[in-house]
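**Q** quick one, fold the following:
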Amino acid sequence: MVRRAFVFDPPDRFVAGTVGEPGSRTFFLQAREGSRVVSVILEKTQVAILAERLGSLLTELDQRGLAELNPVHLPDDVAPLDEPLNEAFRAGTLTLGWDGERRSVLIEARAQTEEEDDPETLEALEDLEDDPDGPDFLRVRITADAARTFVERAMRVVRAGRPPCPLCGNPLDPQGHICPRRNGQYVH
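**A** Next comes the predicted model:
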């Protein structure tokens with residue numbers, strides 16, 4: 001199957017969002033440029049790690065004076081995900097980088113492949129970059145200001161899930177859960 005490449009340089013909008021109720025949400029990365037919308041499914045932990053690492057990258061860029069000298073605070077993006085919400089693929093690998101020449105953040109999500117489960121073929125994934133039959137990918141190039149807005153929204157989306165149990169930290173369902181810290185007793 002021929003690889004599909006979704007490139008947004010830059011997008012009109014790039015966000016992390018969810019569909020569904022806490023406890024059974026589906027997480028998406030979504031890029032939009034004009035009427036073209038691409039949505040990629042990923043795990044909650046992937047969203048959290050991407051936001052955390054992107055925040056660290058932005059902090060380092062600020063310390064080195066490489067990002068915008070006068071950061072502009074963009075308005076918070078609280079709008080729902082754009083329609084139509086059709087998944088292009090499920091992300092297996094996320095890549096993050098800084099393009100110093102263009103002074104922009106590069107984020108890439110690659111489709112999950114069977115090879116990712118085999119640690120010996122992890123290096124072979126990098127060889128797939130130019131392979132026309134390689135995994136689908138979404139590549140987005142955004143400014144540091146847009147990246148800050150992305151991080152704020154992504155962290156809000158992650159925190160909007162079920163509250164943690166005060167004893168064990170596992171997510172609490174509205175009706176409670178069986179807590180390992182209480183020897184299997186039900187906690188409300």
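**Q** which helix or strand in the chain has the lowest average pLDDT?
**A** Here the helix or strand of the chain ranked lowest by mean pLDDT, DSSP states H and E is helix 122-126, holding a mean of 48.
**Q** I'd like the next helix or strand past that one.
**A** Remark: after helix 122-126, the chain's next helix or strand is strand 137-142, criterion DSSP states H and E.
**Q** which is the next helix or strand following that following strand?
**A** Of the helices and strands lying after strand 137-142 in sequence (DSSP H and E), the nearest is helix 144-159.
**Q** list the helices and strands that following helix packs on?
**A** Packing partners of helix 144-159 (3 or more Cβ pairs under 8 Å, 6 or more residues apart in numbering; DSSP states H and E): strand 13-19, helix 44-64, strand 104-111. Heads up, the C-betas are built off the backbone N, CA and C, glycines and all.
**Q** helices or strands up against the last one?
**A** Think strand 104-111. Partner elements for strand 104-111 (3+ Cβ pairs under 8 Å, 6+ apart): helix 44-64, strand 87-99, strand 137-142, helix 144-159.
**Q** pull the residues that contact the longest one.
**A** When contacts are defined by Cβ atoms under 8 Å, 6 or more residues apart in numbering, helix 44-64 is touched by residues 16, 25, 27, 29, 67, 71, 91, 94, 96, 98, 105, 107, 144, 147-148, 150-151, 154-155, 157-158, 161.
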